[in-house]
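J.: next input, structure requested:
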Amino acid sequence: MTATLPTDALATARASARGARRRRSPIDPAPATPWLFLAPFLLLFGTFVLLPAALGVWISLHDWDYTFPNHPFVGLENYQALIDPSSTASGPFWESMRATGIFTLASVPLLLVIPLLVAMMMKARFPGRNFLRAVYFAPFVLGVAVVSVLWRYLLDTNIGLVNHYLGLVGLPDATAWLTSLPWAWVALVGVTVWWTLGFNAVIYLAALQDIPAELYEAAHVDGASAWQRFWAVTFPGLKPVLMFVVVNTLILSANMFGQSYLMTEGGPGRSTRTAIYLIADTGLSSFQMGSAAAMSYILTVCLMILSAAIFWLFRDRDARRTGKKVRR
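T.: Purely as a prediction, here's the structure:
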């Protein structure tokens, strides 16, 4: 015979169980709790990003010379002066944008391919692998001033070690690396690649280590060559980080300033004076902060357009096909 509890006792037991479960369940956070955790970041982001950006837009709408107390409002005149070919500000600005484009087009492909080759080499197992990783990443920890001054002496036409050792092997030993074209661009791009490739190589290496080894084994069993394994296994495995590497490298290259300022001083002539170089010179040396702010926002818009195009190109093909089906 099965014993049954009275109705009152059963109700009491159920209430006790519900109370126990209620006590064991975590306390629901208050609606303001997530914002309290985000508050430090939001405060710093608003103070050092949003507020300066808004102030920059405000300055670009004024004839802003910080050596004078008054800053008259001029509206979009600073932007119009940069777009109008007859303006004295337009020529130097677009010349600097051209220099920025040359440096970006020359450096970005190298900073995408060479670090990948280095990362694939560092992924292999061989004696001294950790030492090699440290050697490739070590230059990245140096500041731009240290790197630029060091290479300025190494590439000096008369006393530089580069020309000296080129002469020892029978090559031309009087190349003006920093004062003639195209050698000034070769020097700037080469030094930048040597200095910064370690960062991209580390990112690539982390992504390569996340690719399952079973995929390579299966491709090898199927008879795939090394080149086929790269395109079928390695490249798809790198896609999650490749977009970040491309966008980050593009933005950093477009903001190159220190190497040009310290190594070539914008020369020969103004051929290596990049947009950031001109913005700094216009705002800090010529005291034309309004024009400099307008230049910076035109450069920002250009970078935003390029970044958006890269995001679009890296969209997943399956997602694009799904989107087309949904629209149909």
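J.: give me the neighbour count for C302.
T.: 15 (other Cβ atoms under 10 Å). C-betas here are computed from N, CA, C, even on glycine.
J.: and the helix or strand where it lies, what other elements does it pack with?
T.: Here C302 sits within helix 289-313, counting by DSSP states H and E. Applying 3 or more Cβ pairs under 8 Å, 6 or more residues apart in numbering; DSSP states H and E, one finds that helix 289-313 makes contact with helix 51-60, helix 77-83, helix 90-123, helix 235-254, helix 275-280.
J.: among those helices, which comes closest to A309?
T.: helix 235-254 (10.2 Å; Cβ to Cβ).
J.: tell me which strands and helices the helix or strand just after that closest one is in contact with?
T.: The C-terminal neighbour of helix 235-254 among helices and strands, as given by DSSP H and E, is helix 258-259. Counting contacts by 3+ Cβ pairs under 8 Å, 6+ apart, helix 258-259 packs against helix 144-154, helix 183-209.
J.: which of the ones you listed sits most buried?
T.: helix 183-209 (a mean of 20; mean count of other Cβ atoms under 10 Å).
J.: tell me the angle of that helix relative to helix 235-254?
T.: Comparing the axes of helix 183-209 and helix 235-254 via axes from the mean of the first three to the mean of the last three Cα atoms, to 10 degrees yields an angle of 150 degrees.
J.: how far does helix 183-209 sit from its chain's centre?
T.: Offset of helix 183-209 from its chain centre (Cα atoms, centre = their mean, to the nearest Å): 12 Å.
J.: next SSE after that helix?
T.: Following helix 183-209 toward the C-terminus (DSSP H and E): helix 213-221.
J.: packing partners of that next one?
T.: Taking 3+ Cβ pairs under 8 Å, 6+ apart as the contact cut, helix 213-221 packs with helix 226-229.
J.: just checking, I83 touches S90?
T.: Yes - between I83 and S90 there is a contact under Cβ atoms under 8 Å: 6.7 Å.
J.: measure V141 to L61 for me?
T.: 40 Å (Cβ to Cβ, to the nearest Å).
J.: deepest of the helices and strands packed on helix 289-313, which one?
T.: Counting by mean count of other Cβ under 10 Å, helix 275-280 has the highest mean neighbour count of these, with a mean of 22.
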